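> predicted model and sequence follow; I will ask about them next.
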Amino acid sequence: MPRQGNGVPTAAEGILRRQALRESAARTYARSLPIVPVRARGLTIEGADGRRYLDCLSGAGTLALGHNHPVVLEAVRSVLDSGAPLHVLDLATPVKDAFTTELFETLPPALAADARIQFCGPAGTDAVEAALKLVRTATGKSGLLAFTGAYHGMTAGALEVSGGACDVRIARLPFPQNHRCPFGVGGAEGERLSARWTESLLDDPKGGVPAPAGMIVEPVQGEGGVHPAPDGWLRRMREITAVRGIPLIADEVQTGVGRTGAFWGVDHAGVVPDVMVMSKAIGGSLPLAVIVYRAELDVWAPGAHAGTFRGNQLAMAAGTATLAYVRRNGLAERAAVLGERMLTVLRELAADQHCVGDVRGRGLMIGVEVVDPDTGAGAPELAAAVRQECLDRGLIIELGGRHSSVVRLLPPLTLTDEQAGAVLDRLTDAIPAAARRPR
């Protein structure tokens, strides 16, 4: 961060210094991205120092249309100018009715035909909590099925079903992947073994698995390292749970609203879950979280899950505009095409860079796994160097996966071909530059 010519710290430096002194040690993004955003539009963020950055973090996938899209701003202004109340708890309003109607237009038809919606506290983790509470109430059971590598949020129940949890009552199932297959085989055989293990564990009276109230799965594991669930395997999980009367919960917090190249991540496999967890992009950049589920599960009592800010009118208006824009302009289909082009370029880079162990993703949810060229193990220090080299070149990315060794790209769905080229140019320049750094 530059200083003024007289050596006096700039305004941005002062803001960063005060943040470091005042904010919790738990802050995350601020540590790796020491910038002070003051303006933003679309893909671009401008810092207080005058530098411009291409933002491929997008609020951890929240900004489907990028920063300050005109349709979002207009939707928010219309509510503000109308004189409508901004805080209504869970009362019915025209704004909420419009949001719910638009959201139901996007759902798998078999779910939308007989669905209920619960507005939760304004974060995805609270919606996960609601989903777990819902299936436990509806089934009368307490056990849960979750997967290695999963991430579902930071509250107690959501952490319990996430991959890094310990001392929990959750049955952990192997999530299939090619690069580091838990069975060492990958591909279709790895998928088959994962499904077989799941069936065996559920049907074994000595398997040590409590009767499950539900299974929760991400159509693409995001924080876990950008691992798409194979379509055939996901369909098999639906079959396994349906036969045994186990509700299937799809965590679409990050995969929803066109991110993966379909409106919802489950659409790729044609799977209809019993519960869908939604947040991030559904609020059009503002806080909003809901669960949508089959009506027969709707057996909990009034107030069984509540939250003071579950009636966020501005977020519902912004969300309605975002959902409609993505749906009417085919942005999910656009994400599928553009994402495949970007993956192709990155895979060509991987062939020349021994520090790139794998390139994977779906739509505009892309991961590049950085490894030690000598051992093939995850390389967190090298990945952090790639992140810094990207930032030096005006590109904002973040890390995820095991050992934080996966470079993640979550650009807005409004990304143009020219912008995609600029992102790729900066990333493909940053990776070899990081690899040349002394170890």
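Looks like it came in fine.

> from L43, how far off is Q419?
Distance, Q419 to L43, by Cβ to Cβ, to the nearest Å: 5 Å. All C-beta spots, glycine's among them, are computed from the backbone N, C-alpha and C.

> equivalent analysis for G284, please.
16 Å.

> look at these two and report which has more neighbours.
More neighbours surround G284 than the other of G284 and L43, with 29 against 24 (other Cβ atoms under 10 Å).

> which helix or which strand is home to the residue lying closest to the more buried one once chain neighbours are set aside?
Excluding the flanking residues, the one nearest G284 by Cβ to Cβ, 6 or more residues apart in numbering is A318, at 2.9 Å. A318 is part of helix 313-328 when elements are defined by DSSP states H and E.

> what's the first helix or strand after that helix?
Past helix 313-328, the next helix or strand by DSSP H and E is helix 331-352.

> run the chain-centre distance for that following helix.
Centre-to-centre, helix 331-352 and its host chain are 18 Å apart (Cα atoms, centre = their mean, to the nearest Å).

> what's the angle between it and helix 313-328?
80 degrees (axes from the mean of the first three to the mean of the last three Cα atoms, to 10 degrees).

> so who does the residue nearest to the spatial centre of the chain touch?
The centroid of the chain falls nearest to Q254 when counting by Cα atoms, centre = their mean (2.3 Å). By Cβ atoms under 8 Å, 6 or more residues apart in numbering, the contact set of Q254 is A60, G61, G124, E218, V220, G222, K280, M365, L410.

> please redo it, this time with the cut-off set to 10 Å
60-62, 124, 151, 218-223, 260, 265, 279-281, 365, 410 (Cβ atoms under 10 Å, 6 or more residues apart in numbering).

> I291 too?
Here I291 is in contact with 116-120, 126-134, 249, 252, 275-279, 297, 305 (Cβ under 10 Å, 6+ apart).

> wait, a strand at it?
Yes - residue state for I291 (DSSP: H, G, I helix; E, B strand; the rest coil) corresponds to a strand.

> could you measure from it over to H87?
With Cβ to Cβ as the criterion, I291 and H87 are 21 Å apart.

> now do the strands in the stretch 201-350 of the chain.
For the stretch 201-350 of the chain, the strands defined by DSSP state E, counting those that start in this stretch occupy 212-217, 220-221, 227-228, 248-251, 275-278, 290-294.

> what's the closest of those to H354?
H354 lies closest to strand 227-228 among these, at 21.9 Å (Cβ to Cβ).

> what residues does that closest one touch?
Contacts for strand 227-228 (Cβ under 10 Å, 6+ apart): 147-150, 175-180, 218-221, 234, 255, 260, 265, 268, 358, 360-363, 365, 367, 401, 406.

> filter those residues down to just the ones in helices.
L234 (DSSP state H).

> just the buried residues from the contacts of strand 227-228, in ChimeraX please.
Here is the ChimeraX selection string for the buried members of the contacts of strand 227-228, based on 16 or more other Cβ atoms under 10 Å:
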select :147,148,149,150,175,176,177,179,180,218,219,220,221,234,255,260,265,268,358,360,361,362,363,365,367,401,406
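
> contacts only, for D298.
D298 neighbours (Cβ under 10 Å, 6+ apart): A115, R116, I117, Q118, L134, T137, A138.

> excluding its backbone neighbours, what's nearest the fifth one?
If I follow you right, that is L134. Counting by Cβ to Cβ, 6+ apart, the residue nearest L134 is L297, at 5.9 Å.

> right, and the one you found touches L111 too?
No - counting by Cβ atoms under 10 Å, L297 stays clear of L111, with 11.4 Å between them.

> shared neighbours, the two?
By the contact definition Cβ under 10 Å, 6+ apart, L297 and L111 are jointly contacted by D274, V275.

> let me know the angle separating the helix holding A318 from strand 290-294.
Using the same axes, to 10 degrees: helix 313-328 against strand 290-294 is 60 degrees.

> gap between the two ends of stretch 259-267?
Length of stretch 259-267, first residue to last, Cα to Cα, to the nearest Å: 12 Å.

> centre of the chain to it, how far?
Per Cα atoms, centre = their mean, the centroid offset for stretch 259-267 relative to its chain is 12 Å.

> for this structure, give me the ranges with low pLDDT.
Scanning the chain for pLDDT under 70 picks out the ranges 1-9, 165-168, 439.

> overlap in contacts, Q419 and L43.
L54, C56, G66, P411, P412.

> now do the contacts for the second one.
The one in question is C56. 43, 364, 366, 390, 395-398, 407-412, 415, 419, 423, 426-427.

> among those, name the ones in strands.
Counted as lying in strands by DSSP state E, out of these, are I366, L395, I396, E398, V407, R408, L409.

> pretty sure the first one contacts R360?
Yes - I366 is within contact range of R360, at 7.7 Å (criterion: Cβ under 10 Å).

> which neighbours do these two have in common?
V226, L343, L346, V406.

> which one (most neighbours) among these?
V406 (28 neighbours).

> re earlier: check the burial of the residue nearest to L134 by counting its neighbours.
20.

> swap in V277?
So V277, with other Cβ under 10 Å, has 31 neighbours.

> hang on, Q419 packs against P412?
Yes - if you go by Cβ under 10 Å, Q419 and P412 touch, sitting 9.0 Å apart.

> higher neighbour count, the two?
Each of Q419 and P412 has its neighbours counted (other Cβ under 10 Å); P412 has more, 25 against 19.

> skip the chain neighbours and tell me the closest residue to the more buried one.
In space, P412 is closest to G66, 3.5 Å off (Cβ to Cβ, 6+ apart).

> report the contact partners of the one you found.
Contacts of G66 (Cβ under 10 Å, 6+ apart): 40-45, 55, 58-59, 72, 285, 411-415, 419.

> kindly recompute the last result at 8 Å.
So G66 contacts R41, G42, L43, D55, S58, P412, T414 (Cβ under 8 Å, 6+ apart).

> now the buried members of those residues.
G42, L43, D55, S58, P412, T414.
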